[in-house]
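>>> everything below, folded, please.
(2 chains)
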Amino acid sequence: MTVMPSSSRPPPSLAVAQRPLLVCSIDAVFMSALQAGAFDARVHSVFHRVINLERAAGELVTLAARGMDNAPLTAIVDIPNFAAAGIAVDDAVAAIDGTLHVGDSLVLNFAAASVWRARLPSYATAPSRLPEQLAAARRYLAQQGVRGGMSVQADAECAFASEVAVALEQRSAWLLDALLHSRHAEACRHAVSMLGLGPGLTPSGDDFLVGLFAVLNVTGSPCQGWLDGGAQVLLHAEHATHALSLAALTEAAAGRVRESIAALIDGLLHGTPTTLVQPLRRVLAIGATSGADMVAGILAGLELNLQVEAKRSVESSPLLMRASPAAAVSQPISTGASWSCPSKR
Amino acid sequence: MSIKALIKPNTYFDSVSLMSLSTKANQLEGVQQAVVVIATAMNKGVLRNVGMLTPEIEAAGNGDLVIVVAAATAERCDSALPEIERKNYAAVLCR
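Predicted structure coming up:
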């Protein structure tokens, strides 16, 4: 996809612009970019409830319809969807007099928008309830028959889906095992091998890594900062997956994820089984199976934290080590690959 | 068995539409298997492993959408691909 230099693109026509739509909320980083001036972009992709804009330097920002959750580099627009907005790929985008003009037909007013900041919960006060919360989440997923690319049965009818399922299960297990045993260079290789792997607009492997990277950025957690929160993996990602997926991975590796993902991690760390259901449902509702794959990454990451805590506890207790050298760390970390699931085709 | 692919450069479907299109493609009479997937290097590797990688897919880029079908004959592949393309109308094609 070629990005036309801003100087050669026609500016949006003010003459036919409609009454500005209000922006309900906007990510602080996106707002800063707008306020800095010279915000030139083009329309990268158009969906029913989302429009992605690509800035001249290649950075993607998102306009999302009302009802979608706040997210990094995203503005929530007071419109039910963009179906009638008349926006097409390659339409020019420019900030003019405090408004954002998208093509000839969409003008956005940011004046009354509330500014949202991506924040992950802290592990610090944690989480004697985490094991129970993880178990409750897994029970819910099993009861609901939740399906994701990470959980397609290996004997699925479609050879491609079956092969992907095996690869995702193996590679995620190798990744988590390498992390648990502090083989971070090896872990990085396994994570890279999951990039761009699987079905969906954002491949299942990418979605799993978004969830895992979010957890690696939780302040005060035993695994905080491992693989630089995921940034080490992304050094090898430029040509491994497409721009939309890479944008989500890049933000997650900086500890910036959708509001619903942060709420789920908070619910797992500090909530109760009852309060967990709503944030779990919100993440599961993302995409067709993306949410389920993100949940798989989040649960695996939090289980990894518990395993690391247990491992450290064993290692710091010589008596316990002699009695039962690996009892506390022998439980494999679930990647979610064992959930019941016929196929994701 | 014959394998044929259609590449749609820089084409993004939302995941729900992708899944719907893939399901419909697999239900077409005479189609043994259909895969609708983004042409990442890893997905190309899987297509190679299951015998569905074609030179066109190999040359496709990260943002390209691949529709690949396996059928008993080349003629059925040739007729299936336009049928699958027509099913795009039921989805939201973003190009």
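
>>> do stretch B:53-63 and chain A come into contact?
Yes: using Cβ under 8 Å from any Cβ of the partner chain, stretch B:53-63 reaches chain A at B:62-63. All C-beta atoms are positioned from the backbone trio N, CA, C, and that covers glycine.

>>> buried ones in that stretch, by neighbour count?
The neighbour-count check on stretch B:53-63 (16 or more other Cβ atoms under 10 Å in any protein chain shown) flags B:53-54, B:57, B:60, B:62-63 as buried.

>>> gap between it and the chain center?
11 Å (Cα atoms, centre = their mean, to the nearest Å).

>>> same deal with stretch A:84-98?
How far stretch A:84-98 lies from its chain's middle: 26 Å, per Cα atoms, centre = their mean.

>>> what do you get for stretch A:104-115?
Between the centre of stretch A:104-115 and the centre of its chain there are 25 Å (Cα atoms, centre = their mean).

>>> in it, what counts as buried?
A:104-110, A:113.

>>> one step back: ok, the buried residues of stretch B:53-63 vs B:Ser79, which is closest?
Among these, B:Thr54 lies closest to B:Ser79 (Cβ to Cβ), at 17.1 Å.

>>> excluding chain neighbours, what is closest to that closest one?
Counting by Cβ to Cβ, 6 or more residues apart in numbering or on different chains, the nearest residue to B:Thr54 once its immediate chain neighbours are dropped is B:Ala5, at 4.6 Å.

>>> one step back: and the buried residues of stretch A:104-115 as TSV, adding secondary structure, pLDDT and distance to A:Thr289?
Shown next, in TSV, are the buried residues of stretch A:104-115 (DSSP: H, G, I helix; E, B strand; the rest coil; pLDDT from 0 to 100; distance: Cβ to Cβ, whole Å):
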residue	secondary structure	pLDDT	distance to A:Thr289
A:Asp104	coil	91	36
A:Ser105	coil	90	33
A:Leu106	strand	94	30
A:Val107	strand	96	35
A:Leu108	strand	96	31
A:Asn109	strand	95	36
A:Phe110	coil	94	33
A:Ala113	coil	96	31
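
>>> possible to save the residues you listed as TSV with distance to A:Ile286?
As requested, the buried residues of stretch A:104-115 are exported to TSV (distance: Cβ to Cβ, whole Å):
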residue	distance to A:Ile286
A:Asp104	31
A:Ser105	28
A:Leu106	24
A:Val107	28
A:Leu108	24
A:Asn109	28
A:Phe110	25
A:Ala113	23
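
>>> follow-up on the earlier one: pipe the buried residues of stretch B:53-63 into a markdown table and attach secondary structure per row.
Shown next, in a markdown table, are the buried residues of stretch B:53-63 (DSSP: H, G, I helix; E, B strand; the rest coil):
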| residue | secondary structure |
| --- | --- |
| B:Leu53 | coil |
| B:Thr54 | coil |
| B:Ile57 | helix |
| B:Ala60 | coil |
| B:Asn62 | coil |
| B:Gly63 | coil |
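
>>> isn't B:Gly63 up against A:Thr241?
No: contact between B:Gly63 and A:Thr241 fails when scored by Cβ atoms under 8 Å: they sit 9.5 Å apart.

>>> where do the contact lists of the two overlap?
Listed as contacting both B:Gly63 and A:Thr241 by Cβ atoms under 8 Å, 6 or more residues apart in numbering or on different chains are B:Ile38.

>>> which helix or strand lies directly C-terminal to the strand or helix carrying A:Ala41?
In this assignment (DSSP states H and E), A:Ala41 forms part of strand A:40-46. Using DSSP H and E, the helix or strand that follows strand A:40-46 in sequence is strand A:50-55.

>>> who does that following strand touch, helix- and strand-wise?
Packing contacts for strand A:50-55, counted by 3 or more Cβ pairs under 8 Å, 6 or more residues apart in numbering or on different chains; DSSP states H and E, involve strand A:40-46, strand A:60-65.

>>> switch the ones you listed over to JSON lines; also include distance to chain B, mean pLDDT and mean neighbour count.
Listed next are those as JSON lines, based on distance: least, Cβ to the nearest Cβ, whole Å; pLDDT from 0 to 100; neighbours: other Cβ atoms under 10 Å in any protein chain shown:
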{"stretch": "strand A:40-46", "distance to chain B": "5", "mean pLDDT": "95", "mean neighbour count": "22"}
{"stretch": "strand A:60-65", "distance to chain B": "12", "mean pLDDT": "97", "mean neighbour count": "23"}
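
>>> got the ones you listed as TSV, with distance to A:Val77 columns?
Shown next, in TSV, are the helices and strands packed on strand A:50-55 (distance: least, Cβ to Cβ, whole Å):
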stretch	distance to A:Val77
strand A:40-46	13
strand A:60-65	5
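
>>> out of those strands, which is closest to A:Leu53?
Of all these, it is strand A:40-46 that lies closest to A:Leu53, at 4.3 Å by Cβ to Cβ.

>>> okay, now the sheet partners of the closest one, with direction.
Its sheet considered, strand A:40-46 pairs with strand A:50-55 (antiparallel), strand A:92-96 (antiparallel) by DSSP bridges.

>>> weakest of the ones you listed in terms of mean pLDDT?
Lowest mean pLDDT within the strands paired with strand A:40-46: strand A:92-96, at a mean of 93.

>>> can you mark which positions in that one are buried?
A:92-95.

>>> could you dump it to PDB, C-alpha only?
Extracted C-alpha coordinates of strand A:92-96, given in PDB (Å, rounded to 0.1, in the frame of the first residue of the first chain):
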ATOM      1  CA  ALA A  92      -7.100  12.700   2.700                       C
ATOM      2  CA  VAL A  93      -7.200  13.600   6.400                       C
ATOM      3  CA  ALA A  94      -6.200  17.000   7.900                       C
ATOM      4  CA  ALA A  95      -6.500  18.900  11.100                       C
ATOM      5  CA  ILE A  96      -8.000  22.300  10.400                       C
END
